[in-house]
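1. sequence and predicted model, in that order:
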Amino acid sequence: MTTYNSPALDKGLDILEFLSAQSVPQSQAEIGTGIQRKPNEIYRMLVCLEERGYINKEPISGKYQLTLRLFQLSHHHSSIDYLVKASMPYLEQLSQTINQSCHLSFFYQNKLLIICQAKSMTPISLSVEVGGVFPITQTNSGKIILANKSVSERKQILKASDDYQELSKTEKAELDKEFLELKKLKCFVQKSTLTEGVTDFAAPVYDINNEVMAVLVVSGLTSQLKNVSQEDIIKEILHTVDAINVSIGGVSSDKN
């Protein structure tokens, strides 16, 4: 529910969002139809957006198109920096609540990159190195990322993975089957594929296009996890993922 109305801002954003979805320039009348407003309602907003450099007129037709202004603004900060800043308060809160360290994994150059971590304050806990890189097919969080890629994207990534190419035909078939199951899960609970005695809880973090951009992971010593129920850990992880999704411009799962 909208608390405050801002008609002018709404019109400006509607225009930008409409033009961003079009492959060719649009006239004032076409824009009006596209955002369900009369052409004379949006004239002043078009002039304002043009003066600010967000749109311009195509020289021959005089129709409106987006400039690179939004692109330039969005790239003042890298997507990783933005995600880390948005996520850290929630990761720290999660770590304090469940007394376990947690981190975010990010798909980068066909590898899994650890971009940030919130450490547990308990005397004994697991820690991963921020900046550490792991094979995409040999981690539970990497499998989640692969599971949520399109079939063509996944094939391309796996084709470039030396670890995947070393698998037998049977192992590849089992991994493909696992991808189908993982895509259905909100939180994947599994023993670590890299470290003995460790259990991973991994949940995808979505961007504004509802695509997986990172994975939130809690890796705990299996012996210590007996002190807290899996249900409680999963509940807190999903709550944290939801908060991160909203903070980066996504929609709360409660509203889906």
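-> That came in fine, so what should we check first? Note that the coordinates shown come from a computational prediction; the quantities given were computed from them, not determined experimentally.
2. could I get the full set of helices for this structure?
-> 7-20, 28-34, 39-51, 69-74, 79-98, 140-147, 151-159, 162-165, 169-182, 230-247 (DSSP state H).
3. mean neighbour count, those helices: which tops it?
-> helix 140-147 (a mean of 24; mean count of other C-beta atoms under 10 Å). All C-beta spots, glycine's among them, are computed from the backbone N, C-alpha and C.
4. how far does that one sit from the chain's center?
-> Offset of helix 140-147 from its chain centre (C-alpha atoms, centre = their mean, to the nearest Å): 13 Å.
5. and it, what does it pack against?
-> Contacts defined by 3 or more C-beta pairs under 8 Å, 6 or more residues apart in numbering; DSSP states H and E place helix 140-147 against strand 102-108, strand 111-118, helix 151-159, helix 169-182, strand 188-191, strand 198-206, strand 212-221.
6. can I get the shortest one in CSV? Just the C-alpha atoms.
-> Spelled out, it's strand 188-191. The C-alpha coordinates for strand 188-191 follow below in CSV (Å, rounded to 0.1, in the frame of the first residue of the first chain):
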residue,chain,number,x,y,z
PHE,A,188,19.4,-26.3,0.5
VAL,A,189,20.7,-28.2,3.5
GLN,A,190,23.6,-30.6,2.8
LYS,A,191,26.9,-31.8,4.2
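7. neighbouring strands - and their directions - for that strand?
-> With DSSP bridges as the test, strand 188-191 is paired with strand 198-206 (antiparallel).
8. just to revisit the earlier point, possible to save the helices of the chain as a markdown table with mean pLDDT and distance to L126?
-> Listed next are those as a markdown table, based on pLDDT from 0 to 100; distance: least, C-beta to C-beta, whole Å:
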| stretch | mean pLDDT | distance to L126 |
| --- | --- | --- |
| helix 7-20 | 93 | 42 |
| helix 28-34 | 96 | 51 |
| helix 39-51 | 94 | 50 |
| helix 69-74 | 76 | 35 |
| helix 79-98 | 92 | 11 |
| helix 140-147 | 93 | 14 |
| helix 151-159 | 91 | 27 |
| helix 162-165 | 88 | 23 |
| helix 169-182 | 92 | 22 |
| helix 230-247 | 93 | 14 |
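9. which one, of the helices and strands packed on helix 140-147, ends up nearest to G53?
-> Taking C-beta to C-beta, strand 212-221 is the member of the helices and strands packed on helix 140-147 nearest to G53, at 28.4 Å.
10. now the closest one - C-alpha only, PDB.
-> Only the C-alpha atoms of strand 212-221 are listed here, as PDB (Å, rounded to 0.1, in the frame of the first residue of the first chain):
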ATOM      1  CA  VAL A 212      19.800 -15.400  -8.600                       C
ATOM      2  CA  MET A 213      22.600 -13.000  -8.100                       C
ATOM      3  CA  ALA A 214      24.200 -14.600  -5.000                       C
ATOM      4  CA  VAL A 215      23.800 -17.300  -2.400                       C
ATOM      5  CA  LEU A 216      23.600 -16.800   1.400                       C
ATOM      6  CA  VAL A 217      25.500 -19.600   3.200                       C
ATOM      7  CA  VAL A 218      25.700 -20.700   6.800                       C
ATOM      8  CA  SER A 219      28.400 -23.300   7.200                       C
ATOM      9  CA  GLY A 220      28.400 -24.800  10.700                       C
ATOM     10  CA  LEU A 221      30.300 -27.600  12.500                       C
END
